[in-house]
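Participant: Make a model of this:
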Amino acid sequence: MDKMPHSTKQSEALLRSLLPSGKDVTLRPMFGNLSAFVSGNMFMGVFGDDFMIRLPESDRIELLKFEGAAIFEPMKGRQMKEYVVVPRSWRSEPAKIRPWVTRSLDWSSKLPAKKPKKR
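Facilitator: The predicted structure is shown next:
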């Protein structure tokens, strides 16, 4: 079993710098990484050094055309098909990622709100 990667200080800083403000947007840990949620639905996050965003199918198809973009696969053979890892080369150019974050938030905001799990 592969060890689960943990977000780095750099990837977390990138996530925080791209985090849209909004009353329903929250940031919380997810499997040793950091993710952003809107109304309880994860819409972007980091996984090790990878930055991923949740998109509707048409936007996923468009983003996957860029070299280095890929469907998010936290474990070998376990794809999270609604999430796309942005090209690593974009991390030094947050302006390239920001419009995709906006699309992700817009789309994820329309999903039914998730109720918090009882602990």
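Participant: ok, so what distance separates the residue nearest to the spatial centre of the chain from Glu12?
Facilitator: Nearest to the mean C-alpha position of the chain, counting by C-alpha atoms, centre = their mean, stands Met44 at 2.3 Å. As defined by C-beta to C-beta, to the nearest Å, Met44 lies at a distance of 12 Å from Glu12. Any C-beta I mention is one placed from the backbone N, CA and C, and that applies to glycine too.
Participant: who's in contact with the residue nearest to the centre of the chain?
Facilitator: 15, 18, 35-36, 51-54, 101, 104-105 (C-beta atoms under 8 Å, 6 or more residues apart in numbering).
Participant: quick one: which of these is nearest to Gly77?
Facilitator: Nearest to Gly77, judged by C-beta to C-beta, of the contacts of Met44 is Met52 at 17.0 Å.
Participant: and the closest one, how many neighbours?
Facilitator: 26 (other C-beta atoms under 10 Å).
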